[in-house]
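**Q** Next input, structure requested:
(chains A and B)
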2 protein chains.
Amino acid sequence: MKVLVIGAAGMVGTKLARSFGTDRAADVDSIRLVDVVVPSVPAELAATDIATETGVLDLRDVAAVTSVLADRPDVIFHLAAIVSGEAEADLEKGYAVNFDGTRNLFDAIRALDGYCPRVVFTSSIAVFGAPFPDAIPDDYHLTPLTSYGTQKAMGELMLADYSRRGFLDGIGIRLPTINIRPGKPNKAASGFFSGILREPLVGQEAVLPVDDSVRHWHASPRAAIGFLRHAMTLDTAPLGARRSLTMPGLSATVGEQIEALRRAAGDDAVALIRREPDATIRSIVAGWPTRFDAARATALGFRAESSFDEIIAVHVADELGGRIGPR
Amino acid sequence: MKVLVIGAAGMVGTKLARSFGTDRAADVDSIRLVDVVVPSVPAELAATDIATETGVLDLRDVAAVTSVLADRPDVIFHLAAIVSGEAEADLEKGYAVNFDGTRNLFDAIRALDGYCPRVVFTSSIAVFGAPFPDAIPDDYHLTPLTSYGTQKAMGELMLADYSRRGFLDGIGIRLPTINIRPGKPNKAASGFFSGILREPLVGQEAVLPVDDSVRHWHASPRAAIGFLRHAMTLDTAPLGARRSLTMPGLSATVGEQIEALRRAAGDDAVALIRREPDATIRSIVAGWPTRFDAARATALGFRAESSFDEIIAVHVADELGGRIGPR
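**A** Numbering: from 1, shown residues only, chains lettered A, B, ... in the order given. Got it, this is the predicted structure:
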């Protein structure tokens, strides 16, 4: 089986590539990793006999998109996107990459006769926008409150239409907010959800701009990779024409996150969280989903964590070499 | 107030243009009617002192779209579309007109500084696809089963995003199936819903390809024009970021349509309906919505008919000069 990962230099893409080294369940012969910068090949993948190639791909470049499909990969992971904040700040770039880029990919696939690859498209819970019911059902309408969410929702619609027409065999994976997101703090409005755990776990300060009562929908990076790998080989017949799935996740408040941190790392770690209320972030976050009833995905075998203790344990195991505390 | 009607040569566009002659409630100084062919000016409109211009516009032509906005119309009705059957048969043309054309319009509006017109965008209940609950609520997800429905849903998403960003002040109007559609029988899969009334009302035969138990969602052409005119001046503040509205309509079975025909025109008219079951049409129609709970639109003052007796009476008044029977 030939696999193409578009957006392989990002956090999710890198972990997905690594998973093909650590989890050999799928019968993969070759992997091509592409992104707007040349992705690195994770050591775990390099250690296998899977033929791995890397390359540069900008989805806005139609000829390049066509060319990357020349060997007709069986599975295409489409993870590439301009993130929410940038898509909001630069409207044209957001539409060009997140929507037109996706469409370029789908159209290049369509142009190849007798070709119908599995396409795993990463969408996001940003396709939803407040007001919400207490638990958002699978048949709730998509009313994004960002251009990023709009572009993802438009991609979902084309994914479904092109699947219905038999051009591709698509699955849209609406990822929860990834927590604990590894790496440095960033300026994303959602950054604090990870920051208030990630930084204190290594003895550093973190800023909390919202109230403890703020509730949100989370899954670990490990769960996210599990979703994508499951989507790769899932029988799509039960999906019918409804090709995008809200992934399971954990609904938790900031307060519950903090108590899990306390159990894992003690009061000293919790004391590193500095409360700096920020009205702007507060109001952005107020429009975000808090809880889903992800019945369809759960029935199809997608699994996430069930507590923040578990999410923290995943981070400590996968990112901190099993050790909490200053580096 | 300056009004621009895009798609003014079609059935709805022509009736909308006429309405500005017969219903002077809105303070309209000038109207420009454009379509891919030069629209005619209805006599009722020509008889007014409203400055009326006609022209050709293909929404795929970006320069032409920009040019038609030069005098900054206050209200833009965007009714132009490739119909469902053609958009299914010609994928590229459907996306190019129904989606890219819509986007060209929105982007041309966005390019004009300090300009934020009311945009009334005709969408369709084709944005919905089976399976459905008994009555489809306003917050039900959009899972179109045609490329036409997909393109309309994508247009709705951009309309909402561009409204949220303040580029335009959009309202999406999801029209029910228009019944009784005037004119000749056509090849649309939905054609029989009108045909089984329209033809017998003038003493002609009509073909019924589905069972009497088939239920669907209807509104008269007069109601459709009422929706568009109401959308023109409605306060959009209560819409928030949710800019598209499922219009009220009448949920009725084919059998109920036939009984209304019997009451209006007698057994002889009903006898003109020839049952010719068609498995293809049956299966297409099986994916269509049957009933909505159009609570939001109803609360905002949109009104449709409440019986097929009323729908037939509207047709007899507006299309048949008040007289049932052979011409």
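
**Q** can we go C-alpha only for contacts and neighbour counts from here?
**A** Fine.

**Q** How about the residues of the stretch 201-327 of chain A by chain B?
**A** A:Ala241, A:Arg242 (C-alpha under 8 Å from any C-alpha of the partner chain).

**Q** How about the stretch 201-327 of chain A: which residue is closest to chain B?
**A** Nearest residue of the stretch 201-327 of chain A to chain B, counting by C-alpha to the nearest C-alpha: A:Arg242, 6.5 Å away.

**Q** for the stretch 51-200 of chain A, same thing?
**A** Closest point on the stretch 51-200 of chain A to chain B, by C-alpha to the nearest C-alpha, is A:His141, at 3.8 Å.

**Q** Dihedrals phi and psi, that residue?
**A** phi -70, psi 160 (degrees, to the nearest 10).

**Q** To what extent is the closest residue to it other than its chain neighbours buried, counted in neighbours?
**A** Nearest non-adjacent residue to A:His141, counting by C-alpha to C-alpha, 6 or more residues apart in numbering or on different chains: B:His141, 3.8 Å away. If you count neighbours by other C-alpha atoms under 10 Å in any protein chain shown, B:His141 ends up with 19.

**Q** show me the residues around B:His141 that make contact.
**A** Going by C-alpha atoms under 8 Å, 6 or more residues apart in numbering or on different chains, B:His141 touches A:Asp139, A:Tyr140, A:His141, A:Leu142, B:Phe128.

**Q** who does the second one bridge with?
**A** Here A:Tyr140 sits in beta bridges with B:Tyr140, as judged by DSSP bridges.

**Q** so what's the backbone phi/psi at A:Asp74?
**A** phi -80, psi -30.

**Q** Next up, identify which helix or strand A:Gly94 is on.
**A** In this structure, A:Gly94 sits in helix A:91-94 according to DSSP states H and E.

**Q** Show the contacting residues for A:Ile324.
**A** So A:Ile324 contacts A:Leu201, A:Val202, A:Ala265, A:Val316 (C-alpha under 8 Å, 6+ apart).

**Q** my bad, should have said A:Gly325
**A** When contacts are taken as C-alpha under 8 Å, 6+ apart, A:Gly325 is in contact with A:Pro200, A:Leu201, A:Val202, A:Gly203.

**Q** just A:Val5 next, same as before
**A** A:Gly13, A:Ala17, A:Ile31, A:Arg32, A:Leu33, A:Val34, A:Ile76, A:Phe77, A:His78, A:Leu79.

**Q** number of nearby residues for A:Thr233?
**A** Applying other C-alpha under 10 Å, we find 12 residues neighbouring A:Thr233.

**Q** Same check on the one 10 residues further on?
**A** Here the count is done by other C-alpha under 10 Å, and A:Arg243 has 24 residues near it.

**Q** Can you flag which of the contacts of A:Gly325 belong to helices?
**A** Using DSSP state H, A:Pro200, A:Leu201 are the members of the contacts of A:Gly325 that sit in helices.

**Q** most neighbours, which of the contacts of A:Gly325?
**A** Neighbour max across these (other C-alpha under 10 Å) = A:Leu201, 28 neighbours.

**Q** re earlier: from the contacts of A:Val5, which would you call buried?
**A** A:Gly13, A:Ala17, A:Ile31, A:Arg32, A:Leu33, A:Val34, A:Ile76, A:Phe77, A:His78, A:Leu79 (16 or more other C-alpha atoms under 10 Å in any protein chain shown).

**Q** Spatially, which two of the residues you listed are the most separated?
**A** A:Ile31 and A:Leu79 (14.7 Å; C-alpha to C-alpha).

**Q** Poorly predicted segments of chain A, please.
**A** Residue ranges of chain A with pLDDT under 70: none are present.

**Q** Let me see the ranges of the helices in it.
**A** Going by DSSP H, chain A shows helices at A:11-22, A:43-46, A:62-68, A:84-89, A:91-94, A:102-110, A:147-164, A:191-201, A:221-233, A:254-271, A:279-286, A:295-299, A:308-319.

**Q** now for the fourth one, which elements pack on it?
**A** This means helix A:84-89. Contact here means 3 or more C-alpha pairs under 8 Å, 6 or more residues apart in numbering or on different chains; DSSP states H and E; on that basis helix A:84-89 packs against helix A:91-94, helix A:147-164.

**Q** Could you identify which of the ones you listed is most buried?
**A** helix A:147-164 (a mean of 26; mean count of other C-alpha atoms under 10 Å in any protein chain shown).

**Q** Which residues are in contact with the nearest residue to A:Asn104 once chain neighbours are set aside?
**A** Residue nearest to A:Asn104 in three dimensions, not counting chain neighbours: A:Val62, with 6.1 Å by C-alpha to C-alpha, 6+ apart. If a contact means C-alpha under 8 Å, 6+ apart, then A:Val62 has A:Asn104, A:Leu105, A:Ala108 as its contacts.
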